[in-house]
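> predicted model follows, preceded by the sequence.
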Amino acid sequence: MGCDIHLFCEGYLKGRFDKEKKWINIDHWYRQDGWPEYVITEYQGFNYTNLIDGRRDYGLFYLLAGVRGTDEERSYPPIAQAKGLPEQMDSLIKKYYEDFYGYHMDTIPKTEKENIDVHHASYLTLRELKDSGYGKIMPLKGWVHKDKLDEALTAIQNGRKYQTNFIDTKCQNPAFRKGMILREWDGYINLNLTDMIGKMERLKEERNIEYDDEIRIVFWFDN
């Protein structure tokens with residue numbers, strides 16, 4: 001069964017009519033034309049930024065929240081275990097989640113807000129993403145095809161972002177690493193994560209957000 005992610009970006013900002021800061025969506029439902037946020041009913045006029053291009057990337061899913069993997073088979077742990085949705089979040093994201101899940105969040109017990117189809121809801125700030133080290137070049141170790149690794153290392157040395165796939169050292173099935181060699185190198189573990197951090201940095205600058213703790217992703221998965 002396949003697994004998909006639903007991911008949104010929020011900034012801790014003052015809305016047009018707000019006296020205090022609150023978490024506001026800034027990648028899907030942010031309007032550039034000054035329309036009041038509470039009358040939005042369709043997509044025209046939105047400034048839309050797709051942080052991950054809707055990709056089904058199980059390596060990314062594991063790094064974000066431990067989805068599609070276990071620590072017995074993966075050497076690089078998740079940035080954080082799933083935390084559930086934040087208490088305060090953008091009302092349109094909350095409505096999207098409720099419509100997708102089929103329930104209003106306040107009407108069901110917290111322990112029952114996830115099931116086999118909608119699961120691992122969580123949120124991570126830009127600071128948490130950056131502090132993990134997973135978005136930049138880092139020491140890696142695993143089973144790789146030598147030619148693919150050489151290609152990746154050459155690209156990185158020439159200033160290009162390039163990711164090579166590898167089999168984790170915890171993999172116990174020799175059939176999965178047939179024709180590969182065990183190597184250590186400096187490279188990117190997940191370029192989708194690297195690109196997402198870069199896009200969040202740009203959104204932070206565009207919205208004049210001062211701190212990395214004031215911009216975050218909110219996400220969940222479905223099967």
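Right, received. Where do you want to start?

> which strands and helices sit next to the helix or strand bottoming out on mean pLDDT in the chain?
None of the helices or strands of the chain scores lower by mean pLDDT, DSSP states H and E than helix 91-101, at a mean of 82. Counting contacts by 3 or more CB pairs under 8 Å, 6 or more residues apart in numbering; DSSP states H and E, helix 91-101 is packed against strand 4-13, strand 118-125, strand 215-222. Quick note: C-beta positions are derived from backbone N, CA and C, even for glycine.

> dump the first one to PDB, keeping only the CA atoms.
It stands for strand 4-13. Taking Å, rounded to 0.1, in the frame of the first residue of the first chain, the C-alpha atoms of strand 4-13 are listed here in PDB:
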ATOM      1  CA  ASP A   4       1.500  10.000   0.700                       C
ATOM      2  CA  ILE A   5       2.300  13.200   2.600                       C
ATOM      3  CA  HIS A   6       0.200  16.300   3.100                       C
ATOM      4  CA  LEU A   7       2.600  19.200   4.000                       C
ATOM      5  CA  PHE A   8       2.100  22.900   4.600                       C
ATOM      6  CA  CYS A   9       4.300  25.800   5.800                       C
ATOM      7  CA  GLU A  10       3.300  28.200   8.500                       C
ATOM      8  CA  GLY A  11       4.900  31.500   9.700                       C
ATOM      9  CA  TYR A  12       4.400  33.000  13.200                       C
ATOM     10  CA  LEU A  13       3.100  36.400  12.000                       C
END
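
> okay, now the sheet partners of that strand, with direction.
strand 22-25 (antiparallel), strand 215-222 (antiparallel) (DSSP bridges).

> redo those strands as TSV? Include mean pLDDT.
Converted to TSV, the strands paired with strand 4-13 look like this (pLDDT from 0 to 100):
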stretch	mean pLDDT
strand 22-25	90
strand 215-222	92
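
> mind giving me the domain split of this protein?
4-135+191-222, 136-188 (automatic domain parsing).

> give me the mean pLDDT for the shortest one.
In other words, domain 136-188. Domain 136-188 shows a mean pLDDT of 94 in the predicted model.

> export stretch 177-197 as CSV, just CAs?
The C-alpha trace of stretch 177-197 is given here as CSV (Å, rounded to 0.1, in the frame of the first residue of the first chain):
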residue,chain,number,x,y,z
ARG,A,177,23.5,-5.2,-1.8
LYS,A,178,24.6,-7.5,-4.6
GLY,A,179,27.3,-5.8,-6.7
MET,A,180,27.8,-3.0,-4.2
ILE,A,181,30.7,-2.0,-2.0
LEU,A,182,30.8,-0.7,1.6
ARG,A,183,32.0,2.9,1.6
GLU,A,184,32.1,6.0,3.7
TRP,A,185,31.8,9.4,2.1
ASP,A,186,30.5,13.0,2.5
GLY,A,187,27.3,13.6,0.6
TYR,A,188,23.6,14.5,0.8
ILE,A,189,21.3,12.0,2.5
ASN,A,190,18.1,13.4,0.9
LEU,A,191,17.9,16.2,-1.6
ASN,A,192,14.2,16.7,-1.3
LEU,A,193,14.8,17.7,2.4
THR,A,194,17.7,19.9,1.3
ASP,A,195,15.5,21.6,-1.3
MET,A,196,12.6,22.0,1.2
ILE,A,197,14.9,23.8,3.7
